[in-house]
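K.L.:
fold the following for me, if possible:
(2 chains)
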Amino acid sequence: MRYAMVIDTLKCVGCSDCVVACQTENDVPIGYCRDWITETVNGAYPNIELELKSERCNHCENAPCVRCCPTGASHQLDNGIVLVTGDECIGCGACIESCPYDARFQHPDGYVDKCTFCHHRLEKGQLPACVSVCPTKCMYFGDLDNPNSEVSELLKNRKYKTLAPEAGTKPQVYYLI
Amino acid sequence: MTTSRRKFIKISALGLGGVAASTTALNMFGASSYIDELVKENVAKNFKRTATYCEVCFWKCAAWTYTDEEGSIKKIIGNENDPHCYGRLCPRGTGGVGMYNDEDRLKTPLIRTTVNGEETFREATWEEALDLIASKFNGIKEEFGAESLALIKHGAPGKHLEHLFQSFGSDTIAEPAYAQCRGPRETGFSLTFGSWVGSPEPTDIRDTKCLVLIGSHIGENMHNSQVQEMSDAIDNGATIITVDPRFSTAASKSKYWLAIKPATDIALMLAWMNVLINENIYDKEYIEKYATGFNELKEHVSTFTPEWAYGITGIKPDEIRKTAREMASASPSVIIHPGRHVVWYGDDSQRARAMAILNALLGSWGRRGGFYFKESIKVPEFPAPEYPHPKWGWKEIGAKYPLAQMGITTEVIKCAIPSEDNKYPVKALMVAGTNITKSIPNKKLLEEAIDALDFMVVIDTMPMDVTGYADVVLPECTYLERYDEIRSATNREPSIAVRIPAVAPKYDSKPSWWIAKEIGERMGVGAYFNYTDYKEVIEWQLQQMGTSLEEMEKIGVKHFPRKSGPMYLNETGPHEFPTNSGKIELYSHELKNLGFDPLPKYTRHPEPQQGFYRLNYGRAPMHTFSRTANNPNLNDLKSENNLWVNPKVARILGLKTGQEVWLKNQDDIISTFSIKVRVTERVRWDSVYMVHGFGHQEKKLSRAFGKGINDTELITTVAVDPIMGGTGMRGNFVTILTENPHKNTEI
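P.N.:
Residues are numbered from 1 along each chain as shown, chains lettered A, B, ... in the order given. A predicted model of the protein is given here:
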C-alpha cells in the first residue's frame, strides 16, 4: 500500500474548495490551512500560460520532517502517510524548517499541524475531503502499489511532475501537466 | 509570478498568536492533530444530516448539513443526486457554515431613531418593528395605493416577500438579477428561439465538442454544474475558445484565447457569421428546416469580413477563420455560451442576438452537445385567494423598454423621485436579500431616490451597506435555519429539492416566510398566509406531487420523468419554436417593428482618454457578489480585491505589486477606499480589472469593512439598453492615484 495523490493542473480552476473542505472536515482554525492554491503565470500578453494547483504535504517517501523530529512525533505509516502525534510534539519547529514545501505550520494550540491525507476518512473507505468536494474533479487519490488503480493508470498515461524533485524527498503528490 | 498562501499563514501564525483558537481538534479530541480513530468514529456516528439547498449564490445546489450531537453545524456536503452539484459543492457552499457562524450577523430588529440630533438605530422587538412596518405600509396604501409600495429582492427570501406584495396589491417588484445581470441575454435569445435561457443555462457542456466563452469566466464564476461539466469537456478533449480581454482561468484552459479589444465582441461575431456563411460551413439543413431570415442575414454580414473585424477587434483574420472553422467542425455539438452577467455596453440584447444567431448557424439549439430542451416540474400553489389586480406595476414603469420581461430596478427606483412626469410614485421600499448599493450603479441617483422615500425596510442576514439607509432593519435567519420554497430545478430532467432547518435560528433572527406572514396579517391580508408554519405548505405541496416531507427528509432531491418530449430536437418531424413565426428568427421582425435593428450591428463604444483605463470587473470563485465578503471562512480565502494592472502600465506609472492606490473615474468620482495593485500579464494595457463585491462601508462588517474598492461606486456612466432597460456598466474609465486623496477627510 502506497498512498498518493494525483492532481490534474489542466482542470484545476483554483477555486479553493479543497481549502475550505479541509478546514471544515479537520477543524482547522480560521487563519490556518493544511492545503492551499498556487498560481503561476508565465509569458507576456497575449502569449501567457497559467498554472493553478492545490498544494499540501507531499507525504514524501524520504521525509525530512520525520528524520529531523527530535521526539518522534512526526512519523510515517506503512502506507506512506506522514503524521504528527500532537501530544508528543514539543513545537520546536525543526520539521517546519526542514520541509521544502512549506507544508507545516504551528497550530495555535502549540503543536505542529499539516495534511493527513484525511487518514480518518480513508479508514472508512472515504476519499480525503479535498478530493471528495473538488468541483472540477481534478484530484485523484489511491494506491500506487496497485498497478490498476486510477492513480497508477494516470501516471502511466499522462505527463506529470512533482514539486521540488531536486530536494530528493520523493514526494507522493503528483501533478498532471 | 507565484503566490503562495503559505506566506500569509506564516505571518499570521507569528503575528496573531491568538487567532480563533476556539473549537479546534485539540479541544474535541485531545492533544493530537492525528485524530484518534475510535473517538472520531464515535462522533461520526452521531452526526446528523439534514437536507437543504444552498443560498450562498443563485445556483441553489442541494446539500446535506451535518450537525454533531450538540447540534452545532460541522460541515455541508453536496447531495450526490442533485443535477446542480452532483454531490460536490463549490467553496462558497462548503463555506456556507461561515454564513451561520458569522458573529457580525444582524441579531435583532432595528428601528431608526434620533438621539441628541443624530440619527441612529435602536434595537426593537419583532412586535414593534412589524407593527411599525404594517402601519406605515397601510398608511401609504390608503393615501397613494398599494402600487406605491415597491419591493427589490433576490433569492429565496425574496419569493416570500413577493407573495406578500402581490397579496396586498402591489406588482412594483424588481430584482438586480435582471437589469443588472442576465436580462439582455434573455431578450436576445427569446427573440431568436422563442424561449429564454433561464437558470441554470441549458448548455449541454458535458457532451460538447466546442465551448465558446465570450466574456464568460466559468471557473471564476463557480456556477457549479457548469464548472463540473467544463471539466468533463476538458477530459473529453473538447475545444474551448475564450474571447476575453483578460486572460481568465477559462482562457488558460482554452485551445484558442482571443485577446479581444474590449467592447468589440459584436464585430467578431459578425465576422464569424461571415466566415460560416461564405465558406458554406454553417448547418444548411438545420437553417433551411428551422429558421427564417437567412437571406437577410447573409446579405447583412456579407461585408463583415475577418479583415474588417481585425481593425476593430485586434484579432487576426486568420485566427477568426480558424476559430470559425473549428466551431463548424464541431457543429452541432458546439455552444456559444450566452454568458450570465451581460450588461456591458448598452447594446447587450443585440450582442445576445448575435450569440443566438451563431448558435442557430451552427445548429446547436436543441442538439446534443449544444443546448438541450430544459424541463422543470411545476410545484402546485398552496391554496390562497386570487391576487388583487394593481393599476400599475413593474410593466408600466418599464414601458419605455418594450421588451423588458421583468421589473427594471433602476426604473422602479427612479419612481421614488418626485416629479411632475412621474405617474408611478413609489413611496416606500422594501429590500430583501440584495445589497443594492453594490448591485445597482449610479449611487447618486440611488441615494437621491432613497432620500425621497417615506419609508424603507431592509431584510438581510448581515448588516450590509444597504441596511444603513433603512428605517427598519429585520434580521433574517440563514438558509441553514429555516424552511423555504421547494426548489424546482430546470434541467435535463425535472427534479425538486427541499430546505429543512438543521438548527434553530440564531440570535433573534426569523425566516422570511414568517416575516411576510406577520406583516401580511397586520395589513389585513392574512387569508394569503393560511398556515402557522411554512412546513405545512411544503408538506401539502409534496403530497400533491406524490411524495412527502418524510421521504424528502431522507433523500433531499427527487427526480421526475420528462413530459415535454425528448431533450433534443426530434429530427424526423417538423418542430415549432415558440416564436411568432414558429421558426428560429435570424432576422427579427419584432425588433424591426419596434424601431430597432432587426439584425445585430457593431457600434463603436467610448474608449478611455489618455491616462485612463477601462474598469473591468468579475468574480472570484470563493465569493458571491458582495454578500460573502465578511463570511469568516470565505474571507479567510480572499479578504480584499486587487487591481490588476498590465506590467507595461505599471512601468509607466511606477506601480508595484502590493502598492496601495486609489481610483478616480471619468466623472471625478474617487474611490472611498484604497486597493492593492497586482501587476500581471493577465490583463490588457487599456484596462484594469478587479473582483466585484469588496470595499464595504459598513463598520459592523468587522472583516470586510474598508477592504478593497467597491467597483460599483465607480460605475456612474450607465449605457442603458433601449430594448430591455439593462444597465451597461463596462463603459467606465479610471485613473490611478498613488497619493491618498482622503488624507484630510474622515471616512
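K.L.:
report the distance from the longest helix belonging to chain A to the chain centre.
P.N.:
Longest helix in chain A, counting residues (DSSP state H): helix A:17-26. Centroid separation between helix A:17-26 and its chain, computed with CA atoms, centre = their mean, to the nearest Å, is 13 Å.
K.L.:
and for stretch B:634-645?
P.N.:
Put simply, stretch B:634-645 sits 19 Å off its chain's centre (CA atoms, centre = their mean).
K.L.:
is that stretch anywhere near chain A?
P.N.:
Yes. On the criterion CB under 8 Å from any CB of the partner chain, stretch B:634-645 is in touch with chain A at B:634, B:636-638. Every residue, glycine included, has its C-beta placed from N, CA and C.
K.L.:
ok, which pair from those is furthest apart?
P.N.:
Within those, B:D636 and B:K638 form the most distant pair, 8.3 Å apart (CB to CB).
K.L.:
the two: who's more crowded?
P.N.:
Here B:D636 and B:K638 are compared on neighbour count by other CB atoms under 10 Å in any protein chain shown; more neighbours surround B:D636, at 27 against 21.
K.L.:
and the pLDDT at that one?
P.N.:
Note on B:D636: pLDDT of 96.
K.L.:
surely it is in a helix?
P.N.:
Yes. Under DSSP: H, G, I helix; E, B strand; the rest coil, B:D636 sits within a helix.
K.L.:
ok, it touching A:I30?
P.N.:
Yes. Look at B:D636 against A:I30 with CB atoms under 8 Å: they come within range, at 5.0 Å.
K.L.:
which neighbours do those two share?
P.N.:
Taking CB atoms under 8 Å, 6 or more residues apart in numbering or on different chains as the criterion, B:D636 and A:I30 both touch A:Q23.
K.L.:
how many other residues sit next to the nearest residue to A:G14 once chain neighbours are set aside?
P.N.:
Nearest residue to A:G14 in three dimensions, chain neighbours excluded: A:L52, at 3.5 Å (CB to CB, 6 or more residues apart in numbering or on different chains). Residue crowding around A:L52 was assessed by other CB under 10 Å; the count is 22.
K.L.:
part of a strand, is A:L52?
P.N.:
Yes. Assigned with three-state DSSP, A:L52 falls within a strand.
K.L.:
run through the residues that contact it.
P.N.:
Counting by CB under 8 Å, 6+ apart, A:L52 touches A:9, A:12-14, A:37-39, B:249, B:252.
K.L.:
kindly recompute the last result at 7 Å.
P.N.:
A:9, A:12-14, A:37, A:39, B:249 (CB atoms under 7 Å, 6 or more residues apart in numbering or on different chains).
K.L.:
what does B:A360 give?
P.N.:
With contact set as CB under 7 Å, 6+ apart, B:A360 has these partners: B:192, B:287, B:291, B:584, B:586.
K.L.:
please tell me how far it sits from chain A.
P.N.:
30 Å (CB to the nearest CB, to the nearest Å).
K.L.:
nearest spatial neighbour of B:Y401, skipping sequence neighbours?
P.N.:
Closest to B:Y401 by CB to CB, 6+ apart is B:G725, at 3.6 Å.
K.L.:
how about the strands in the stretch 1-150 of chain B?
P.N.:
B:2-4, B:48-53, B:62-67, B:73-78, B:110-115, B:118-123, B:149-153 (DSSP state E, counting those that start in this stretch).
K.L.:
other residues contacting the fourth one?
P.N.:
When you say that, I think you mean strand B:73-78. With contacts defined as CB under 7 Å, 6+ apart, strand B:73-78 is touched by A:24-25, B:47, B:61, B:63-68, B:85, B:87-89, B:93-94, B:96-97, B:100, B:480, B:502-503.
K.L.:
show me what the helix or strand B:E319 falls within is packed up against.
P.N.:
Using DSSP states H and E, the element containing B:E319 is helix B:317-330. For helix B:317-330, the elements it packs on are strand B:210-214, strand B:239-243, strand B:256-258, helix B:265-278, helix B:306-313, judged by 3 or more CB pairs under 7 Å, 6 or more residues apart in numbering or on different chains; DSSP states H and E.
K.L.:
quick check, A:H75 in a strand?
P.N.:
Yes. Applying three-state DSSP, one finds A:H75 inside a strand.
K.L.:
list the beta-bridge partners for it.
P.N.:
Beta-bridge partners for A:H75, by DSSP bridges, are A:L83.
K.L.:
quick one: contacts for it?
P.N.:
Contacts of A:H75 (CB under 7 Å, 6+ apart): A:66, A:83, A:85.
K.L.:
let's see that with 8 Å instead.
P.N.:
Listed by CB under 8 Å, 6+ apart, the contact partners of A:H75 are A:66, A:69, A:82-85.
K.L.:
do the same with A:H59
P.N.:
By CB under 8 Å, 6+ apart, the neighbours of A:H59 are A:3-5, A:80-82, A:115, A:117, A:171-173.
K.L.:
repeat that with 10 Å
P.N.:
A:2-5, A:76-77, A:79-83, A:103, A:114-117, A:169-173 (CB atoms under 10 Å, 6 or more residues apart in numbering or on different chains).
K.L.:
still on that earlier bit, just the ones of the contacts of B:A360 in strands?
P.N.:
Members of the contacts of B:A360 lying in strands (criterion: DSSP state E): B:291, B:584.
K.L.:
drop anything exposed from the contacts of B:A360.
P.N.:
B:192, B:287, B:291, B:584, B:586 (16 or more other CB atoms under 10 Å in any protein chain shown).
K.L.:
and the fourth one, how far from B:G293?
P.N.:
Here B:I584 is placed at a distance of 9 Å from B:G293 (CB to CB, to the nearest Å).
K.L.:
mind listing the shared neighbours of these two?
P.N.:
B:192, B:287, B:357, B:360.
K.L.:
between all of the residues you listed, which two are separated the most?
P.N.:
Largest pairwise distance in the shared contacts of B:I584 and B:G293, by CB to CB, is 12.5 Å, between B:T192 and B:I287.
K.L.:
who touches both of these two?
P.N.:
B:293, B:360, B:584, B:586.
K.L.:
mind checking which of those residues are in helices?
P.N.:
Using DSSP H, the shared contacts of B:T192 and B:I287 in helices are B:A360.
K.L.:
farthest-apart pair in the shared contacts of B:T192 and B:I287, please.
P.N.:
Greatest spacing in the shared contacts of B:T192 and B:I287, by CB to CB: B:G293 and B:A360 (9.7 Å).
K.L.:
overlap in contacts, the two.
P.N.:
When CB under 10 Å, 6+ apart defines a contact, the residues bordering B:G293 and B:A360 alike are B:192, B:287, B:583-586.
K.L.:
chain A next: which of these are close?
P.N.:
Filtering these for proximity to chain A (criterion: CB under 10 Å from any CB of the partner chain) leaves nothing.
K.L.:
tell me the one among the residues you listed nearest to chain A.
P.N.:
For those, the minimum distance to chain A (CB to the nearest CB) is 30.4 Å, reached by B:T192.
K.L.:
hmm, the closest one is touching B:L361, no?
P.N.:
No. Proximity of B:T192 to B:L361 does not meet the contact threshold set by CB atoms under 10 Å, at 11.1 Å.
K.L.:
overlap of the contact sets of these two?
P.N.:
Joint contacts of B:T192 and B:L361 (CB under 10 Å, 6+ apart) are B:291, B:584, B:586.
K.L.:
residues touching the first one, list them.
P.N.:
Applying CB under 10 Å, 6+ apart, we find B:A291 in contact with B:192-193, B:283, B:297, B:357, B:360-361, B:363, B:365, B:577, B:581, B:583-587.
K.L.:
please apply the same query to the last one.
P.N.:
For B:L586, the contacting residues are B:192, B:273, B:287, B:291-298, B:300, B:353, B:356-357, B:360-361, B:598-599, by CB under 10 Å, 6+ apart.
K.L.:
low-confidence ranges, the stretch 201-350 of chain B, go.
P.N.:
For the stretch 201-350 of chain B, applying pLDDT under 70 flags no range at all.
K.L.:
spell out which parts of it neighbour chain A.
P.N.:
Proximity of the stretch 201-350 of chain B to chain A (CB under 10 Å from any CB) is limited to residues B:217-220, B:222-228, B:230-232, B:234-235, B:245-253, B:257-260, B:314-315.
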